Structure formats: structure tokens, C-alpha cells
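[1] Sequence unavailable; structure follows:
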């Protein structure tokens, strides 16, 4: 765990932009790693969609997320960053969340300053808590973590509530409180991103998502603006949903598996991705070791 956390810090400090594709479950995380990416993110929208088939409007709880993130982290060796929502309550809840997510193996967690229950992206009804309350949550998370290499990020949604100036002011205070990075959410105009990079200390992680921005910049644009990392939290979820929708529509219309067979993931690649042959070989080695021990015991008894 510590190795992955230190690796994430190195990646975030490197001159090249770090891409963080989003995983909605353990298998999609494994596919991100297999595709050659250096890190993965697991967000609330994708997690809730996977767990409940519902939008992210604060209806899940910390233990659900901790279990979900543990499965994602357990499926890969690369660093995993996660969404800590609002901290799931007051500073005492934040402490428990930090310990639970740390035990799950995350490399970084991000707490936001929305009023609970939160609203994802540009959904209406978004509100933020007083900045003092958010600073207390940051302090609680920092105090609760056992491994200092795990990063604590702080996100503000103030840009949509009271404007960019407030979002930048809050982000600077978050950094003064000890956060490892601050993330003004829903800041997506080039001139505003450039200002955040310039005025907020620490690395800037921006978000590219259908739920998180109206001005559609691309990775090259964000690289030119000086961001440290680009998070794409819903990319695998919406990719999978589009493919499933298309194939099921074709299957229903054509009433034929052959009509969609060319677009299905190959079985042997699935076995390779999920480690079937390695698991079978490992199982065989355990069984052989057990047989060797029983045979040795039998020889002693007969001697």
C-alpha cells in the first residue's frame, strides 16, 4: 500500500500530466491497469451506479464505499484515488472514513465541502458548508491517517454557489490547513483553470466528465494550462453502458448471438485478464505441497 501511495506522489509531481481513468468496479480497474495507465480513480457517480444503479445524490454510506474501494484497490497494483464524498458526517465521521479508506488501500482520498447529501456535478440544489467546518474536516482526516504517504485532497464546489473567487479562497485555506492538494470543482473555462493553477498552491487535478463540466476542453488543452493530473471518473462506466446498450438492442432486434459475437470480449483474453491460469497454477502448487507433507508424514509413521 505504501509503495503505491509513494508512487502516486511521484506521478503527481512528475512533469508530464497524469491521466486518471475512472473505474466503476474491480474489473474495470484491472482493465485500466492492463491498458498501461499508471493510476486509477474511483468516484462516487461510477460507484453508486455500479452498486445501486442510481445517481450520486448521497444515498450510500461510508462502509459501502470502503468495501467497494477495497475491491478496486485489491484488483490492481497501481495507485487508486477515491472520492470521500462529504466525509459522511462531522469530524468524527471523517476520522472513521479516513481509517476505513486507508485500510482499503487507497493512495489518495478527496473530501468535498458540500452540504450533505451532496449533489453530483451540475445537479441543482448544491450548497457548501461554512469554510471553518471544512477546515475542521481536513484537520480530522490528517490526524486520523496512519500512513503519511496517503494523500488527503480537499475539493470545493463553491464555484457554482458563490463564484470562482470564493472557490480559490477556500482552496488556498484548504492548503494552509494541511491538505496535500486542493480541487476547485466545476471550474472548466481555460482562463479560470489557468488562474487556479497560478493562485492555488500544490498540484491541480482537474476533471473531464460528462457530469463535471460544460466547457469541453481536452487533455492537450489542460496540459497546456499546467494541470498536474486529469481525472476521467466516468469514462469506463459510460463506455461500458454504451457497449451494453448497443449489443442488447442488436440482440433483441436480430434474435441472434452471432450478430453481436464480433463485438464481445474474447474468452481467452478474459481468462488472461482475470488471472485464471495463474490461479489454477497456484492452486496446483498448494495441493502438491499438501500431498508432499502428508507423504512425508506417512513415511515417518511407517519407519
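    Ah, there it is. A quick note: this is a predicted structure, and the numbers were derived from the prediction, not measured.
[2] and the biggest helix by length in the chain, average pLDDT?
    For the chain, the helix with the greatest residue count under DSSP state H is helix 276-302. Helix 276-302 carries an average pLDDT of 94.
[3] I'd like to know which elements the helix or strand residue 165 falls within is packed against.
    For residue 165, the enclosing helix or strand under DSSP states H and E is helix 164-176. Contact partners of helix 164-176 among helices and strands, from 3 or more Cβ pairs under 8 Å, 6 or more residues apart in numbering; DSSP states H and E: helix 131-144, strand 151-156, helix 158-161, strand 181-184, helix 190-199. From N, CA and C alone the C-beta is placed, and that goes for glycine too.
[4] in it, what's buried?
    With burial defined by 16 or more other Cβ atoms under 10 Å, the residues of helix 164-176 counted as buried are 164, 166, 167, 168, 169, 170, 171, 173, 174, 175.
[5] With residue 137 as the reference, measure out to the fifth one.
    With the distance defined as Cβ to Cβ, to the nearest Å, residue 169 ends up 17 Å from residue 137.
[6] go on, the fourth one?
    According to Cβ to Cβ, residue 168 stands 19 Å off from residue 137.
[7] Kindly report the same for the second one.
    Counting by Cβ to Cβ, the gap between residue 166 and residue 137 amounts to 18 Å.
[8] Quickly name whichever of the buried residues of helix 164-176 is closest to residue 259.
    residue 167 (49.4 Å; Cβ to Cβ).
[9] I'd say that closest one and residue 154 touch.
    No. If you go by Cβ atoms under 8 Å, residue 167 and residue 154 don't touch, sitting 11.5 Å apart.
[10] do you know how far residue 73 is from residue 92?
    Taking Cβ to Cβ, one finds residue 73 at 24 Å from residue 92.
[11] ok, now residue 225?
    With Cβ to Cβ as the criterion, residue 225 and residue 92 are 38 Å apart.
[12] Between those two, which has more neighbouring residues?
    Set residue 225 next to residue 92 and count neighbours by other Cβ atoms under 10 Å: residue 225 wins out with 20 against 11.
[13] Let me know whether the more buried one touches residue 191 as I believe.
    No. If you go by Cβ under 8 Å, residue 225 and residue 191 don't touch, sitting 9.2 Å apart.
[14] So for the two, which residues contact both of them?
    Here residue 225 and residue 191 have no joint contacts, going by Cβ atoms under 8 Å, 6 or more residues apart in numbering.
[15] Residue 193: neighbouring residues, count only.
    21.
[16] Which residue comes closest to it once chain neighbours are left out?
    Closest residue in space to residue 193, ignoring its immediate chain neighbours: residue 225 at 4.9 Å, by Cβ to Cβ, 6 or more residues apart in numbering.
[17] Next one, pLDDT for that neighbour please.
    Reported pLDDT for residue 225: 96.
[18] Can you pull the domain assignment for this protein?
    Domain assignment of the chain by automatic domain parsing yields the ranges 2-233, 242-302.
[19] roughly how far out does the last one sit from the chain middle?
    Spelled out, it's domain 242-302. In terms of Cα atoms, centre = their mean, to the nearest Å, the centre of domain 242-302 is found 27 Å from the chain centre.
[20] Give me the below-cutoff pLDDT ranges for this structure.
    Applying pLDDT under 70 to the chain picks out residues 120-125, 211-215.
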